[in-house]
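Asker: sequence unknown, structure follows:
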């Protein structure tokens, strides 16, 4: 248990020294001086007189110290764990050696416990060679002291990490509340914008239809415009139409977007072309409606991704298939993959145990990580960009390893990528907000899982570790 | 009469559309063109130069894939052909340090935050182009109806 303390080997502590072995042998071997205790029995009691030193021969013991409450709201005493011990643990060390011989804390049996004891008035054995009882026991006392200190050190390390986790979850919770509040307000505003746009569009539609049929058609064309024409092509055609059709720059620009080829141009009604200077405005009007709708949708999409931060409306349950969550994520991403190759080790995915979780949340995790990889590779113009997904599992945890051959994440950024508001992406929609990986972190945290990042150029892996069962339901 | 171009640069077509539309009232005197990236803008400027036209003003978006607006404006200001070209940065995410850098290094003449005020943009455009026309020594009487009177007056006084 102390294997991580620098400079020491795992078993250096608790390993009884020769001296302590001798003490145990010569002072605690008398079968007459033994006691059997049941679970809950106290060996020594806090504040009570004690004149024996006990050695645990079997079973487990717990030492605890209780402190009187100073708080009025909660007058019950609070007890703190001081140490735990088993075979070889000494009990009553302080009260045995130090006046006024009162126990500093209570030690109780955790199961059936057998102890050997030594009375304070016992005569020292081999006094000439080893000295007084106190002198003989010094190695044991210092050993006990170290062991108990380390027990407390472990407890405080646990406490600190629990505190960090709590802090992070509280931070997330308040950000989540803020996000949810903002999302609600913005959604109302966006709702009004998109509905009112529809109303205006419908009204314009009716008004224009009743006046000029050609204008009506152009209005619709503008409203449903979806072509992806580069601005360079548009400029070329604009110049062409300005000359050929004797149109103004702005009318020619509309025509350039409306028709793809000269063939298309021939298909246009002569009536429309003759009056195009005037009619082009109706196309623009329709196109404005389209832009407002798209912008509202864009805003709504961003709000949706922000809302995930405040989201607690997911229902987790047993029996969730990792394989299925991955399939869904991939089908969501497919349209945006462009030339990025996505390889999934299906065999390993199918072998995964069913876990406790929510489909939407897990799909979010995969989508955000994969999208992040894709964006990074696109931005870096990675050659033969590829994302590989592989799964593995132990009895208690599942692992999903998502690897890309992109530029990698610098050491300086590795700590920051999961922070809210951190992004290296300068363009894009919701994924440039610096929310994607913060959402991932938040979801994984809430499962009691872990994200382990390993990154070097051409090989970056996000290892997502999630518990099979609900370990984290106790908060 | 000189052909003077205004180039608006934005990777988002709806924004580009809106900016060029805001400047439509100038179309009688200037040509308003749209470019969708920094690269597109630079090649368009060369085309215009080859045709013997001038580029009076570039209004560029800040953050764009493939090359940001500050870098673009910087390139333009370091090219002797476009020494007189006026520059406006139209930014969606102004942060102080970036803006200062842009003003200092790219010698931009003005910057606007999104969403911009169309009247402000139009007025600034007019006054920048007035000084462009005069600095270039073009026949200013051709452009008289849309010249900024205050700028014009200060130039005439100097002469």
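Answerer: Thanks, I have it. Remember, it's a predicted structure, so these values are computed and weren't measured experimentally.
Asker: Low-confidence ranges, chain B, go.
Answerer: B:93-96, B:98 (pLDDT under 70).
Asker: what residues does the stretch 201-350 of chain A put near chain B?
Answerer: Contacts of the stretch 201-350 of chain A with chain B, taken as Cβ under 8 Å from any Cβ of the partner chain, map to A:230-232, A:234-235, A:248-250, A:284, A:287, A:291, A:294-295. Heads up, the C-betas are built off the backbone N, CA and C, glycines and all.
Asker: contact partners of stretch A:125-135?
Answerer: Residues outside stretch A:125-135 that contact it (Cβ atoms under 8 Å, 6 or more residues apart in numbering or on different chains) are A:26, A:27, A:97, A:122, A:124, A:136.
Asker: make that stretch A:289-305, sorry
Answerer: By Cβ under 8 Å, 6+ apart, stretch A:289-305 touches A:182-183, A:186-187, A:190, A:193-194, A:197, A:200-201, A:204, A:222-225, A:429-430, A:433, A:435-436, A:439, B:14, B:17-18.
Asker: now do stretch A:448-467
Answerer: Stretch A:448-467 has contacts (Cβ under 8 Å, 6+ apart) with A:355-357, A:365, A:369, A:373, A:376, A:396-409, A:414, A:417-418, A:440-441, A:444, A:447, A:471-472.
Asker: Which residue, neighbours along the chain excluded, lies closest to residue B:145?
Answerer: Closest residue to residue B:145 apart from its sequence neighbours, by Cβ to Cβ, 6 or more residues apart in numbering or on different chains: residue B:29 at 7.3 Å.
Asker: Now that that neighbour has come up, it's in contact with residue B:140, right?
Answerer: No: using Cβ atoms under 8 Å, residue B:29 makes no contact with residue B:140, being 11.2 Å away.
Asker: Those two: which is more packed in?
Answerer: Set residue B:29 next to residue B:140 and count neighbours by other Cβ atoms under 10 Å in any protein chain shown: residue B:29 wins out with 19 against 15.
Asker: For the longest strand anywhere in chain B, name the packing helices and strands.
Answerer: Ranked by number of residues, the top strand in chain B under DSSP state E is strand B:54-61. Other elements packing on strand B:54-61 under the criterion 3 or more Cβ pairs under 8 Å, 6 or more residues apart in numbering or on different chains; DSSP states H and E are strand B:4-9, helix B:38-50, helix B:69-78, strand B:86-91, helix B:118-136.
Asker: Save these as JSON lines, and put in distance to chain A and mean neighbour count too.
Answerer: As requested, those are exported to JSON lines (distance: least, Cβ to the nearest Cβ, whole Å; neighbours: other Cβ atoms under 10 Å in any protein chain shown):
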{"stretch": "strand B:4-9", "distance to chain A": "9", "mean neighbour count": "24"}
{"stretch": "helix B:38-50", "distance to chain A": "6", "mean neighbour count": "18"}
{"stretch": "helix B:69-78", "distance to chain A": "11", "mean neighbour count": "21"}
{"stretch": "strand B:86-91", "distance to chain A": "12", "mean neighbour count": "24"}
{"stretch": "helix B:118-136", "distance to chain A": "14", "mean neighbour count": "18"}
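Asker: right, so of these, which gets closest to residue A:67?
Answerer: strand B:86-91 (59.5 Å; Cβ to Cβ).
Asker: residues in contact with the closest one?
Answerer: Contacts of strand B:86-91 (Cβ under 8 Å, 6+ apart): B:10, B:19, B:56-63, B:69-70, B:73, B:76-77, B:98-99, B:102, B:106-114, B:116, B:121, B:124-125, B:128-129, B:131-132.
Asker: wouldn't residue A:109 be in contact with residue A:36 here?
Answerer: No: using Cβ under 8 Å, residue A:109 makes no contact with residue A:36, being 9.4 Å away.
Asker: Report pLDDT for residue A:161.
Answerer: Confidence at residue A:161, expressed as pLDDT, is 82.
Asker: that older thread, ok, residue A:109 and residue A:36, which is more surrounded?
Answerer: residue A:109 (21 against 13).
Asker: How about the contacts made by the residue lying closest to that one once chain neighbours are set aside?
Answerer: The shortest distance from residue A:109 to any non-neighbouring residue, by Cβ to Cβ, 6+ apart, is to residue A:37 (4.3 Å). Neighbouring residues of residue A:37 by Cβ under 8 Å, 6+ apart: A:43, A:59, A:109, A:112, A:113, A:114, A:115.
Asker: Cool, thanks, talk later.
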